[in-house]
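[1] 3D model of this:
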Amino acid sequence: MKKMVLSKGFEIEMYTGTSSGDIVGLSDKITASLDGFMREPDSRNVEYITAPSRSYEQLLCGLVRPRLKLRQYLSQLGDYTLIPGSTLSLGGSDRFFRSDPSKEYHEYIEKTYGTKVVTASVHINIGIDDPELLMRACRLIRIEAPLFLALSASSPFLDSKATGYHSTRWRVFPQTPTDVPLFVSHNHHIQWVESQLAAGTMQNVRHLWTSVRPNGNGRPYDLNRLELRICDLVTDPIALLAITALLEARLLQLIGNPNLDPLVQSSFSPEELVSITTKNEIAAATTSLDAQLINWQDGSIIRARDWIAEIYEQVLPVAKEHGFSCFLSPLPKILQKGNEAQQWLQLHAVGISSRSAIIQAINTTREREIELEDKLCPQIVT
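    Here you go, the predicted structure:
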């Protein structure tokens, strides 16, 4: 395979709140005062999008610089900061705070789903403009999406209590429509989306809330990227880039070996593969890297941490060949140290309160962003 690096970009949703961890809705002020930030239906989180790039170095600065700008603005408003985590960790799930009462779609979301959608996450977009290759990529990554959830889990608390899940976000988030098949072709995807819109199970082309979806400016007809939506918010940019590098390397492996397609390499039917994936998502949301998962290739049971390590070893030569293995290299440390949810729960297990764990994460996240901006971003020409 000739050297290839795919275009990548992120959609980052983050909570705003006080330095003591209480989440406060400020998106109306933020979007009115700062370019590059967008409202979510609830005012307590805000979104920014990085420009697509093939360069991991530029993506790093695209992740860090908007957050530093936002932090500076929040400090002008008062004792406000950015809150790690993907759920309303310390309270507030009993009420929805509409960011824009005039939007009918927001009204529909509030009435239909309530605060189940008031979560923070990262959506990873990888550019693939061949529609049939994109469908093949979506099939593979949807089947393996639980592994990315396991790496990124960061929502063990809700309303100041440990919920029993590492990703409470993915357990409560309404995946809509209820039944989404593996798309065997672009035409299958088009026909399915058109039928959902006609039936009202999707309100619009954006109303496809599943772990992975094909994306583009003219959905479902004009598509140019894979969007991985399952990940909780990963606050450390270096960890997020490592997860992204794993995704890109796996996709490059698929491009080089079309037989990696689950429809080709698995003995299970498409319907059985969807059922396996659903079970794996629940398991990964519950115990993340320690989850016992069903391997889609042969049905064997394998721990998420071990499966990720196997794929890492497979794709490391691919990442080296295409020149981004250094960004993949932090992955073993994540597997060893645990994701953010596991680290918080370790503190909780020895008597540290959920609030104290969140406050510690607030400070760690801020210090990490400043460190990265000082060390790396000034060297990047944008």
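[2] Just give the closest residue to T286, not the sequence neighbours.
    Once its chain neighbours are removed from consideration, T286 has its nearest residue in Y165; the separation is 5.4 Å (CB to CB, 6 or more residues apart in numbering). (Each C-beta comes from the backbone N, C-alpha and C, glycine too.)
[3] and what of A319?
    Once flanking residues are discounted, A319 sits nearest to S325: 4.0 Å by CB to CB, 6+ apart.
[4] What does the one you found show for phi and psi?
    With angles defined as degrees, to the nearest 10, S325 sits at phi -70, psi -30.
[5] Does it touch L331 like I think?
    No: with contact taken as CB atoms under 8 Å, S325 and L331 are classed as non-touching, separated by 10.4 Å.
[6] Name the residue in those two with the higher neighbour count.
    A side-by-side neighbour count of S325 and L331, using other CB atoms under 10 Å, places L331 first with 22 against 16.
[7] Which residues are in contact with the more buried one?
    Residues counted as contacts of L331 (CB atoms under 8 Å, 6 or more residues apart in numbering) are 151, 242-243, 245-246, 308, 312.
[8] nearest to V46, of these?
    When the contacts of L331 are compared for distance to V46 (CB to CB), I243 comes out closest, at 21.9 Å.
[9] Tally up the residues packed near the closest one, please.
    With neighbours defined by other CB under 10 Å, the count for I243 comes to 25.
[10] Tell me the spacing between K69 and T16.
    Between K69 and T16 the distance is 13 Å, computed by CB to CB, to the nearest Å.
[11] swap in C231?
    Computed as CB to CB, the C231 to T16 distance reads 20 Å.
[12] Show me which of the two is the more surrounded one.
    Neighbours were tallied for C231 and for T16 using other CB under 10 Å; the higher tally belongs to C231 (28 against 24).
[13] Please name the nearest non-neighbouring residue to that one.
    S152 (4.0 Å).
[14] Please name the residues that touch the one you found.
    Contacts for S152 were tallied using CB under 8 Å, 6+ apart; they are 122, 167, 230-234, 243, 339-340.
[15] got the buried residues for stretch 84-102?
    Residues of stretch 84-102 classed as buried by neighbour count (16 or more other CB atoms under 10 Å): 84-93, 96-99.
[16] pretty sure E47 contacts G36?
    No: here E47 lies out of contact with G36, judged by CB under 8 Å, at a distance of 9.7 Å.
[17] Throw the contacts of L331 into JSON lines and include pLDDT, thanks.
    JSON lines is the format used below for the contacts of L331 (pLDDT from 0 to 100):
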{"residue": "L151", "pLDDT": "98"}
{"residue": "A242", "pLDDT": "98"}
{"residue": "I243", "pLDDT": "98"}
{"residue": "A245", "pLDDT": "98"}
{"residue": "L246", "pLDDT": "98"}
{"residue": "I308", "pLDDT": "98"}
{"residue": "Y312", "pLDDT": "98"}
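[18] Relative to the whole chain's centre, how far out is stretch 251-271?
    Stretch 251-271 has its average C-alpha position 23 Å from the chain's average C-alpha position, going by CA atoms, centre = their mean, to the nearest Å.
[19] Repeat that for stretch 141-157.
    How far stretch 141-157 lies from its chain's middle: 8 Å, per CA atoms, centre = their mean.
[20] How much space separates the closest residue to L140 other than its chain neighbours from A341?
    The spatial neighbour of L140 that comes closest, neighbours along the chain excluded (CB to CB, 6+ apart), is L254 at 5.6 Å. Distance from L254 to A341, counting by CB to CB: 29 Å.
[21] same deal with R213?
    Looking at R213 against A341, where the rule is CB to CB, the gap reads 24 Å.
[22] Between the two, which has more neighbouring residues?
    A341 (28 against 24).
[23] just checking, that one is part of a strand?
    No: assigned with DSSP: H, G, I helix; E, B strand; the rest coil, A341 falls outside any strand and is helix.
[24] related to what we said a few turns ago, and the residue nearest to T286, which of the three is it?
    For Y165, the secondary-structure state derived from three-state DSSP is coil.
[25] for P181, same thing?
    For P181, the secondary-structure state derived from three-state DSSP is coil.
[26] same check, this time on I124
    At I124 the chain is in strand, as set by three-state DSSP.
[27] so what's Y80 up against?
    Y80 touches 16-19, 24, 26, 74, counting by CB under 8 Å, 6+ apart.
[28] From K103, how far off is it?
    24 Å.
[29] same deal with G299?
    Using CB to CB, one obtains 45 Å as the distance from G299 to K103.
[30] quick one: what helix or strand has the nearest residue to A284 once chain neighbours are set aside in it?
    Nearest non-adjacent residue to A284, counting by CB to CB, 6+ apart: P146, 3.9 Å away. Counting by DSSP states H and E, the element that carries P146 is helix 131-152.
[31] which residues does W170 contact?
    In this structure, W170 makes contact with 149, 155, 230, 232, 281, 284-285, judged by CB under 8 Å, 6+ apart.
[32] Which one of those residues is nearest to W209?
    Top of the list for closeness to W209, among the contacts of W170 and by CB to CB, is I230 at 10.5 Å.
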